[in-house]
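Participant: need a 3D model of the sequence below.
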Amino acid sequence: MPNAHSIQFEDMVRAADSQVSSRLGDEVAILELDRGVYYGLNRSGASLWDALQKPIAVSALHASMIAEYEVDNATAREDLLRLLEHLRAAGLIEICDARAG
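Facilitator: Take a look at the predicted model:
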């Protein structure tokens, strides 16, 4: 089961195929197609969502958060991992096989 573990800082993640999304100003609306549930992300979440449209390392997402927002490393890491786990539980992202690149 490749996705049984919690998302780690070294993992590669990407938006799942079973969703569609659209920008609404600074925010993004996401429809999870299998369950028909809508989700919304604010400006900072929308920026991360844009990056998730192709496989990206969690550490690279963290680096972009640090560069863009006034947040310390530990808080950014904790918030990012929490958001990614929430998105994964909702079926919106998945962990990629780094070798598949």
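Participant: strands along this protein, start to end?
Facilitator: 12-15, 19-24, 27-32, 37-41, 56-57, 93-96 (DSSP state E).
Participant: got JSON lines for these, with mean neighbour count too?
Facilitator: Using the backbone N, CA and C atoms, a C-beta is placed for each residue, glycine as well. Output for those, formatted as JSON lines (neighbours: other CB atoms under 10 Å):
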{"stretch": "strand 12-15", "mean neighbour count": "19"}
{"stretch": "strand 19-24", "mean neighbour count": "14"}
{"stretch": "strand 27-32", "mean neighbour count": "18"}
{"stretch": "strand 37-41", "mean neighbour count": "15"}
{"stretch": "strand 56-57", "mean neighbour count": "16"}
{"stretch": "strand 93-96", "mean neighbour count": "20"}
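Participant: residues of the helix ranked longest in the chain that come out buried?
Facilitator: Of all the segments of type helix in the chain, defined by DSSP state H, the longest one is helix 73-89. Neighbour-count burial for helix 73-89 flags 76-77, 80-81, 83-84, 87-88 (criterion: 16 or more other CB atoms under 10 Å).
Participant: between the strands of the chain, which gets nearest to residue 6?
Facilitator: Of all the strands of the chain, it is strand 93-96 that lies closest to residue 6, at 9.7 Å by CB to CB.
Participant: off-centre distance for that closest one?
Facilitator: How far strand 93-96 lies from its chain's middle: 9 Å, per CA atoms, centre = their mean, to the nearest Å.
Participant: and the pLDDT at residue 5?
Facilitator: pLDDT, residue 5: 83.
Participant: and what of residue 100?
Facilitator: Value listed for residue 100 in the pLDDT field: 43.
Participant: not counting sequence-adjacent ones, nearest residue to residue 84?
Facilitator: residue 7 (4.8 Å; CB to CB, 6 or more residues apart in numbering).
Participant: go on, residue 40?
Facilitator: residue 29 (5.5 Å).
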